[in-house]
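In: here is the input, now give the coordinates:
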Amino acid sequence: MLSRVYFAYIVECEDGSYYTGATGDLAGRMVRHAEGRGARYTRSRRPVRLVYWERLPDRGSALRREREIKEMRRRVKEELVRSFSSRPVPLSHPDRESP
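Out: Modelled structure (predicted):
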């Protein structure tokens, strides 16, 4: 049985601010952000650029990690983003974990 994969992520908005979210479909969520349908916060701050993401085993873990990141000070988030090695956005089916 294949399990659903979830993500916590950070996008950098056009104004330099960060938005943190959690989703089960990272690629689809980035499309919605780009179209202005992703979140009220990012709607007026486009374009956004994905600068950090983590794959997590379940929705609860993703939501907890989202909260942890949101509670970080800006400089800690900047360090997290800086230390993140550039990885492609996972484009696999949202209900299937890629190998």
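
In: going by C-alpha atoms from here, please, whenever you check contacts or count neighbours.
Out: Noted.

In: what's opposite Trp53 in the beta bridge?
Out: According to DSSP bridges, the residues that bridge with Trp53 are Tyr9.

In: now Cys13
Out: Applying DSSP bridges, one finds that Cys13 bridges with Val48.

In: how much space separates it from Leu50?
Out: Separation of Cys13 from Leu50 (Cα to Cα, to the nearest Å) stands at 9 Å.

In: in the chain, which spans are helices?
Out: Secondary structure of the chain by DSSP state H: the helices cover 26-34, 40-43, 59-71, 74-83.

In: got the angle between the longest one and helix 74-83?
Out: Put plainly, it is helix 59-71. Relative orientation of helix 59-71 versus helix 74-83 (axes from the mean of the first three to the mean of the last three Cα atoms, to 10 degrees): 120 degrees.

In: buried residues in helix 59-71?
Out: Buried positions in helix 59-71, judged by neighbour count with 16 or more other Cα atoms under 10 Å: Arg59, Ser61, Ala62, Leu63, Arg65, Glu66, Ile69, Lys70.

In: distance of the first one from Arg74?
Out: The span separating Arg59 from Arg74 equals 25 Å under the rule Cα to Cα.

In: enumerate every residue touching Glu12.
Out: By Cα atoms under 8 Å, 6 or more residues apart in numbering, the contact set of Glu12 is Tyr18, Tyr19, Val48, Arg49, Leu50, Val51.

In: what's the closest of these to Leu26?
Out: The shortest approach to Leu26 among those belongs to Leu50, at 9.7 Å (Cα to Cα).

In: identify the residues contacting the closest one.
Out: Tyr9, Ile10, Val11, Glu12, Met30.

In: once you drop chain neighbours, what's closest to the second one?
Out: This points to Ile10. Excluding its sequence neighbours, the residue lying closest to Ile10 (Cα to Cα, 6 or more residues apart in numbering) is Thr20, at 4.5 Å.
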